[in-house]
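*Asks:* give me a 3D structure for the following:
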Amino acid sequence: MTEHHGSHRQLLTMADGRANAGVALDAIIVPTNRTPAYLRTAMDIAARLDCALLVLCSQRASVADTVELGRRLGVEVIAIDVDRLPEDCLPVFETTTLLAGKPFERRTDTSLKRNLGLLFAKVAGWQRVVFLDDDIKVPDPQDLNAAAELSDSFAGVGLAIQGYPDNSVVCHAYREVGNFQETFIGGGALAVGVDSMTSFFPKVYNEDWFFLLDDQELRPTAVTGHAVQKPYDPFANETRARTEEFGDCLAEGVFALFDNGRRIEDADSRYWRQFLRSRLELINGVLAEVDGLDRDPAEKRRMIAALKAARGRCMIIEPELCVEYLVALRNDRKVWRDFVDYAPTCSGPVDALAELGLTGSARHTVRHRVPALV
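*Replies:* Okay, here's the model as predicted:
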């Protein structure tokens, strides 16, 4: 089996964060498409840390129900319906249009929500925010305060993910057949300071890894504390593997360069041709080992189907597209930086909603203290 980088942890600074009383976390930002019941953990943490909660809603996530739950729990909640955003609220990205209509187009709205969260934070005057997914638990909420403090010195500060590993389908399978595979930090539990709000999340799998880059390398990035990922089945359907593959190839290819002391400029067509060939060897090697696993036959069939879906998508990735995407990413980074720098800074979330033209698609409740969470 070809070499695979089962860990990129050496690229991170391991920080022993200790929150100081004078450093405040302004808000927790949660992108969600599920019912408000999934927000109980985030609301509990926001109440304990006495910070605001920005919830970016779509599909089954109700703005009205989210705000009502926040009112009951004594949490300041700003909930926005991202399906009703003004057309010019966010810029159009070259990385998005490059993949539009192609098999590699990503159809989720996670990056849109996270970019909206960055823009809202900047306009609201927030200095430190934490992105938190609705399927993540944080045993010690003070870990988020500590991460927020460290975000003054790092481009991003992630919590170490424990519980169920948060990997791509291919990397999950690689681990399942007995190989060493760690997780990296990600947007599921990531603190961001105001200086890093000039970076953005592209619409591609591993968008959080790309958020942490500049034009040539990984910006200073740290990990502290820990969070717990709820279990899920990465092999539940083939679509997940298929839609992850382009972004996973890109991210793993770029981070492999960093592991070897090289830079993004070294990722030319020749590099991607070699990397994609190695990626196919990796997938084929894992596939060859699945049959030997002591697992339920139905589970092995799901794994095989998912790996074949990833392999099929990998086979049609052209090296030149990878090069073109990284050029587009650099261009988009400048577009976003100019866009955010031009955005005004207001005196809080109410003014930010008005400034961004979101009053018709959002609701807000004022924080108040309650005797205990219910």
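*Asks:* what strand or helix carries residue 29?
*Replies:* In this assignment (DSSP states H and E), residue 29 forms part of strand 27-32.
*Asks:* sheet partners, orientation included, of that strand?
*Replies:* Counting by DSSP bridges, the strands paired with strand 27-32 are strand 52-57 (parallel), strand 128-132 (parallel).
*Asks:* and those as JSON lines, adding mean neighbour count?
*Replies:* For the C-beta atoms, the positions are set from N, CA and C on the backbone; glycine is no exception. Compiled in JSON lines, the strands paired with strand 27-32 are given as follows (neighbours: other C-beta atoms under 10 Å):
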{"stretch": "strand 52-57", "mean neighbour count": "27"}
{"stretch": "strand 128-132", "mean neighbour count": "27"}
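*Asks:* tell me how far residue 204 lies from residue 321.
*Replies:* Distance of residue 204 to residue 321, given as C-beta to C-beta, to the nearest Å: 12 Å.
*Asks:* give me the common contacts of the two.
*Replies:* Shared contacts of residue 204 and residue 321 (C-beta atoms under 8 Å, 6 or more residues apart in numbering): residue 104.
*Asks:* neighbour count winner among these two?
*Replies:* Shown here are residue 204 and residue 321; by other C-beta atoms under 10 Å, residue 204 has more neighbours (26 against 18).
*Asks:* pretty sure that one contacts residue 211?
*Replies:* No. Look at residue 204 against residue 211 with C-beta atoms under 8 Å: they stay out of range, at 10.9 Å.
*Asks:* for the record, mean pLDDT for the helix or strand encompassing residue 149?
*Replies:* Using DSSP H and E, residue 149 maps to helix 142-150. What helix 142-150 shows for mean pLDDT is 95.
*Asks:* apart from its chain neighbours, what residue comes closest to residue 135?
*Replies:* Of all residues beyond its chain neighbours, the one nearest residue 135 is residue 230 (4.4 Å), with distances taken as C-beta to C-beta, 6 or more residues apart in numbering.
*Asks:* tell me where the stretch 201-350 of the chain has helices.
*Replies:* Applying DSSP state H, counting those that start in this stretch to the stretch 201-350 of the chain gives helices spanning 207-211, 238-259, 269-290, 297-315, 319-342, 349-355.
*Asks:* could you dump the last one to PDB, C-alpha only?
*Replies:* Spelled out, it's helix 349-355. The C-alpha coordinates for helix 349-355 follow below in PDB (Å, rounded to 0.1, in the frame of the first residue of the first chain):
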ATOM      1  CA  PRO A 349     -26.000  42.000  16.900                       C
ATOM      2  CA  VAL A 350     -29.200  44.000  16.600                       C
ATOM      3  CA  ASP A 351     -27.400  46.700  14.500                       C
ATOM      4  CA  ALA A 352     -25.500  44.000  12.600                       C
ATOM      5  CA  LEU A 353     -28.800  42.400  11.500                       C
ATOM      6  CA  ALA A 354     -30.000  45.700  10.200                       C
ATOM      7  CA  GLU A 355     -26.800  46.600   8.500                       C
END
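*Asks:* tell me which residues of the helix or strand following it come out buried.
*Replies:* Heading C-terminal from helix 349-355, the first helix or strand you meet, by DSSP H and E, is strand 362-365. Under the neighbour-count criterion of 16 or more other C-beta atoms under 10 Å, strand 362-365 has 362-365 buried.
*Asks:* for stretch 216-234, same thing?
*Replies:* Result for stretch 216-234 [16+ other C-beta under 10 Å]: buried residues 217-218, 221-229, 234.
*Asks:* now for those residues: which two are most distant?
*Replies:* The largest separation in those, counting by C-beta to C-beta, is between 217 and 228 at 30.3 Å.
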